[in-house]
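**Student:** Next input, structure requested:
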Amino acid sequence: MILAVCALIFLLVVQWWFPRVPGPLLAVLLATAAVYLFDLEKQGIAVVGSIPASLPQFQLPSGFSLQQMTYLLSTAVGVAVVGYSDNVLTARSFADRNRYQIDANQELLALGAVNIGAGLMQGFPVSSSGSRTALGDSLGSKSQVFSLMAFVVVVLVLLFLYPLLAQFPKAALGAIVIYAALRLIEIAEFKRLLRFKPSELRLAVFTMIGVLATDILVGVGLAVGLSVIDLFARLVHPHDAVMGEVPDLAGLHDIEDWERATTIPGLVLYRYDAPLCFANAENFRRRAMAAIKAETTPVEWFVLNTEAIVEIDITAADMLRTLHRDLAAQQITFAMARVKQDLYMQLRKAGLIELIGQERLYPTLHTAIADFYNREKRALP
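**Tutor:** As a prediction, the model looks like this:
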């Protein structure tokens, strides 16, 4: 503990006073020298120990049974998710910090290629190293030359310098990892998440707790699961709006956003800000009917603004058919506005275009409003 604390203090002091000095390298050399000079290994200080003095050899996997393959494939999925998540999140973090761009597809390609190589060389699964990246960043590295130099040093160690690292104390190694991890923690980012949206902060905190309380695989799985639940919750209960006119303001707006906003008597312009699917079909129908019921003037037309509805599924199609029937029973005309081409094709395949009527599909809200005002003229003989 004393050795680890001393090494950590040394690293933090060097970072604060001499940011361009290679503090981690000096910590390795000084800790190793301390073990050698004061014979600390006999005092109970654990060291790295012997390192294989050779390069890995190419070897094809063989001798796997079907049961082993099933286990390996299921495990590989978890390793791939954790490895790619770690790689991309680390890359994005440092890309934002140093103002450069990354290509997530290229990262995935490189990660897959290097893991194939590691498998053929009897190596461990490979991902990015957050701690090593932080160390490189702390030293001011700006390009991949840092990784190339690290590769050269690793080869030299494996071939020639392995006796030196054999005396490196594990406590100092832990201090270096902690030092690198401290550089990955950004308190300001947690504050920014809180200001932006409290649910984002809760997700970050739960992920951190999940990783610390279990392990990386379970923690990342928890984060993915919570993200999906959060996304699903927004899909199930999205924002909606009854649109109306605001004095001295052009266009149509959510009447909840403006104190003097009013709807057009007899017409409900309703917007639902999510694709329609099995998850929110009933929610949509209930809220649409509630919007009609909330009007003080008897509703004659209900126009669905589909600008945020990019697609529907078969459950949503059945719900729209039911809604059309219920509105017709109340002598309310059902229409749609701003229907995109993809949505139009789905409506046609579901038979809804024929049910609603081509004449009740409007390119804009204003054409729908104009048709609503002209309804009595068309009804005259």
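
**Student:** Please read off the pLDDT at Lys191 from the model.
**Tutor:** For Lys191, the pLDDT comes out at 91.

**Student:** Who are the packing partners of the one helix or strand it maps to?
**Tutor:** Lys191 is part of helix 187-196, with elements assigned from DSSP states H and E. Other helices and strands packing on helix 187-196, by 3 or more Cβ pairs under 8 Å, 6 or more residues apart in numbering; DSSP states H and E, are helix 198-213. From N, CA and C alone the C-beta is placed, and that goes for glycine too.

**Student:** Please enumerate residues in contact with the helix it packs on?
**Tutor:** By Cβ atoms under 8 Å, 6 or more residues apart in numbering, the surrounding residues in contact with helix 198-213 are 190, 193-194, 218-220, 222-223, 226-227, 230.

**Student:** Name the spans of this protein whose pLDDT lies under the cut-off.
**Tutor:** For the chain, the stretches with pLDDT under 70 are 64, 376-381.

**Student:** Mind jotting down where the strands sit in it?
**Tutor:** 240-246, 249-254, 267-272, 301-305, 333-337, 361-362 (DSSP state E).

**Student:** quick one, which of these is nearest to Glu107?
**Tutor:** Glu107 sits nearest to strand 267-272 of all the strands of the chain, at 36.5 Å, using Cβ to Cβ.

**Student:** Report how many residues lie close to Leu60.
**Tutor:** Leu60 is flanked by 6 other residues according to other Cβ atoms under 10 Å.

**Student:** Can you give me the neighbour number for the residue nearest to it when sequence neighbours are not counted?
**Tutor:** In this structure, Leu60 finds its nearest non-sequential neighbour in Leu120, 6.9 Å apart by Cβ to Cβ, 6 or more residues apart in numbering. Using other Cβ under 10 Å, Leu120 has 14 neighbouring residues.

**Student:** returning to what we had before: where helices are concerned, which of the contacts of helix 198-213 count?
**Tutor:** Assigned to helices by DSSP state H, the following of these qualify: 190, 193-194, 218-220, 222-223, 226-227, 230.

**Student:** which residues does the nearest residue to Thr262 once chain neighbours are set aside form a beta bridge with?
**Tutor:** Excluding the flanking residues, the one nearest Thr262 by Cβ to Cβ, 6+ apart is Gly244, at 5.2 Å. Beta bridges link Gly244 to His253, judged by DSSP bridges.

**Student:** Pull up the gap between Gly244 and Ala290, please.
**Tutor:** Using Cβ to Cβ, to the nearest Å, one gets 16 Å for the distance from Gly244 to Ala290.

**Student:** Neighbour count: these two, which is higher?
**Tutor:** Gly244 (19 against 11).

**Student:** For the lengthiest helix in the chain, name the packing helices and strands.
**Tutor:** Using DSSP H, we find that the single longest helix of the chain is helix 66-98. Judged by 3+ Cβ pairs under 8 Å, 6+ apart, helix 66-98 is in contact with helix 104-120, helix 130-138, helix 216-236.

**Student:** tilt between that helix and helix 187-196?
**Tutor:** Relative orientation of helix 66-98 versus helix 187-196 (axes from the mean of the first three to the mean of the last three Cα atoms, to 10 degrees): 90 degrees.

**Student:** now helix 66-98 and helix 216-236, what's the angle there?
**Tutor:** Using the same axes, to 10 degrees, the inter-axis angle of helix 66-98 relative to helix 216-236 is 70 degrees.

**Student:** could we number from 32 for the rest of this?
**Tutor:** Yep, numbering from 32; the last one is helix 97-129 now.

**Student:** buried ones in helix 97-129?
**Tutor:** Using 16 or more other Cβ atoms under 10 Å as the test for burial, helix 97-129 gives 110-111, 113-119, 121-122, 124-125.

**Student:** Equivalent analysis for stretch 36-44, please.
**Tutor:** Neighbour counts over stretch 36-44 (16+ other Cβ under 10 Å) mark 37-39, 41-42 as buried.

**Student:** and what of stretch 45-61?
**Tutor:** By neighbour count on 16+ other Cβ under 10 Å, the buried set for stretch 45-61 is 45-46, 54-55, 58-59.

**Student:** of all the buried residues of stretch 36-44, which comes closest to Thr63?
**Tutor:** Nearest to Thr63 out of those is Ala38 (Cβ to Cβ; 11.1 Å).

**Student:** show me what contacts the closest one?
**Tutor:** Ala38 makes contact with 58, 62, 202-203, 206-207 under the criterion Cβ under 8 Å, 6+ apart.

**Student:** let's go with 6 Å and repeat that
**Tutor:** The neighbours of Ala38, taking Cβ atoms under 6 Å, 6 or more residues apart in numbering as the test, are 58, 62, 203, 206.

**Student:** Apart from its neighbours in sequence, what residue is nearest it?
**Tutor:** Ala38 sits nearest to Ala206 (Cβ to Cβ, 6+ apart), 3.7 Å away.

**Student:** cool, Val110 as well?
**Tutor:** Val110 sits nearest to Pro156 (Cβ to Cβ, 6+ apart), 4.9 Å away.

**Student:** For that neighbour, what are phi and psi?
**Tutor:** Main-chain torsions, Pro156, degrees, to the nearest 10: phi -60, psi 140.

**Student:** how many neighbours does it have?
**Tutor:** By the criterion of other Cβ under 10 Å, Pro156 has 15 neighbours.

**Student:** again with Glu331
**Tutor:** Using other Cβ under 10 Å, Glu331 has 15 neighbouring residues.

**Student:** Report the contact partners of the closest residue to Leu39 other than its chain neighbours.
**Tutor:** Once flanking residues are discounted, Leu39 sits nearest to Ala206: 4.2 Å by Cβ to Cβ, 6+ apart. By Cβ under 6 Å, 6+ apart, the residues touching Ala206 are 35, 38-39.

**Student:** Of the residues you listed, which is the nearest to Arg317?
**Tutor:** Ranked by distance to Arg317 (Cβ to Cβ), the contacts of Ala206 are led by Leu39 at 58.0 Å.
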